[in-house]
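K.L.:
Kindly return the folded structure for what I paste below:
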Amino acid sequence: MSTKPDKIDDHSRYPQTRSELPAWLSDHLNLDPAQTAELLTVIDRVFSRHERLWQESKHEAIQALSAGFADKMVRVKTELTAKDATVSSISRYFEALVQELTDKTHQDPKTKLMNFSRFSEQLESFLALEQRGRWCAVGLVDITGFKWYNDALGHAVGDRIIERVANILREQVRSDDVIAQEPPAAWSQDLHARFGGDEFCFLIPDISECSQAHAIGERFREAVERYDWALEDARLVAQPVRVDVGVVVFWLGRVADRRFIARRLAADLIQRADELMYEAKGERASHIYLLRTELKNGQVVNRGRDDNPDPEL
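P.N.:
Modelled structure (predicted):
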């Protein structure tokens, strides 16, 4: 059998607010007005003190919480910074790796010049995009009698000859040219590449007259002849290295005529330069073989053969 409390406190009979307190004191306590006022003053002071303490405690709790949150945010930020540094380091590594692989794809490993595949792509892009109606030139350079050097002096000497010829070509570019630098800045630079074996190719993208192409090719040839080949191997004194050069100069005309046949046009110019180079090789020429060409009805046609061009042409 359950028991019930004899008395249940009825909180509703007590004052609920400060404004109800004076009436309750008057009804339940036998106090004169002065005592009532004094009691109310004391109660107010107690309430005020407790409220102040409560506010201070709340403020301190908020400060502690904020400080803890700030510390946590600092730790999180530090961790994120470390992670960002790691991610950035990994990103730089892969960027460098991609660049290295790209360079290896585009460069000849022996000479560090642009390889022929990349040269062909750049020549094709140039022919498809170049809009100025000026001359350009495509040339091929071949080391005369290179097989003899390989057979008689050994492949190590042959490799040094190839590397030295590449360096000489690099040194002989015009003052504002950079060999095999990508991408060409508005096609203002010559492009040089290793064609394969002991052959090299180059593009001169902007010339105002044919004699400029002849002069550049001649400078290459003469620089090779002037080099002291004994520095590479003493046996080369008796058989110094020479090169043969064939240059095809092409009148650019309108870009609209070239844009959709650029690949075929690039291959045609390279082939003609190759044929000229072998003509020079056969004649043991002491000058550059040069051919002027232009585009007519979608085909490359000869405009004139001139192995010693007049500067006015």
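K.L.:
ok, and what's touching stretch 21-28?
P.N.:
With CB atoms under 8 Å, 6 or more residues apart in numbering as the test, stretch 21-28 has contacts from 14, 15, 31, 36, 39, 40, 43. The C-beta positions use only the backbone N, C-alpha and C, and glycine is treated the same way.
K.L.:
So which of these sit within strands?
P.N.:
Applying DSSP state E to these, no entry is found in strands.
K.L.:
Any stretches of the stretch 101-250 of the chain with poor pLDDT?
P.N.:
Residues of the stretch 101-250 of the chain meeting the criterion pLDDT under 70: 101-105, 133, 173-192, 194-196.
K.L.:
separation between residue 249 and residue 114?
P.N.:
Residue 249 sits at a distance of 21 Å from residue 114 (criterion: CB to CB, to the nearest Å).
K.L.:
More neighbours: those two, which one.
P.N.:
Taking neighbours as other CB atoms under 10 Å, residue 249 and residue 114 compare with residue 249 leading, 29 against 25.
K.L.:
Give the helix, strand or coil label for the more buried one.
P.N.:
strand (DSSP: H, G, I helix; E, B strand; the rest coil).
K.L.:
now, which of the contacts of stretch 21-28 lie within helices?
P.N.:
Among the contacts of stretch 21-28, the members found in helices (DSSP state H) are 36, 39, 40, 43.
K.L.:
ok, of those residues, which one's closest to residue 225?
P.N.:
Comparing the ones in helices among the contacts of stretch 21-28 against residue 225 with CB to CB places residue 43 closest, at 116.0 Å.
K.L.:
Near that closest one, how many other residues are there?
P.N.:
Residue 43, neighbours per other CB under 10 Å, totals 13.
K.L.:
I figured residue 148 hits residue 239, correct?
P.N.:
Yes. Here residue 148 reaches residue 239: they are 7.4 Å apart, a contact under CB atoms under 8 Å.
K.L.:
Which one's more surrounded, the two?
P.N.:
Using other CB under 10 Å as the criterion, residue 148 and residue 239 rank with residue 239 on top: 14 against 11.
K.L.:
what helix or strand does the more buried one sit in?
P.N.:
Using DSSP states H and E, residue 239 falls within no helix or strand.
K.L.:
strands paired with the helix or strand hosting residue 293, and their directions?
P.N.:
Assessed by DSSP H and E, residue 293 sits inside strand 289-296. Applying DSSP bridges, strand 289-296 is found paired with strand 243-251 (parallel), strand 299-305 (antiparallel).
K.L.:
buried sites along it?
P.N.:
Neighbour-count burial for strand 289-296, counted by 16 or more other CB atoms under 10 Å, picks out 289, 290, 291, 292, 293, 294, 295.
K.L.:
pLDDT at the fifth one, what is it?
P.N.:
In other words, residue 293. Residue 293 carries a pLDDT value of 93.
K.L.:
Also the second one?
P.N.:
Confidence per residue is given as pLDDT, and for residue 290 that number is 87.
K.L.:
With adjacent residues omitted, what lies nearest to it?
P.N.:
Distances taken as CB to CB, 6 or more residues apart in numbering place residue 247 nearest to residue 290, at 4.7 Å, with adjacent residues excluded.
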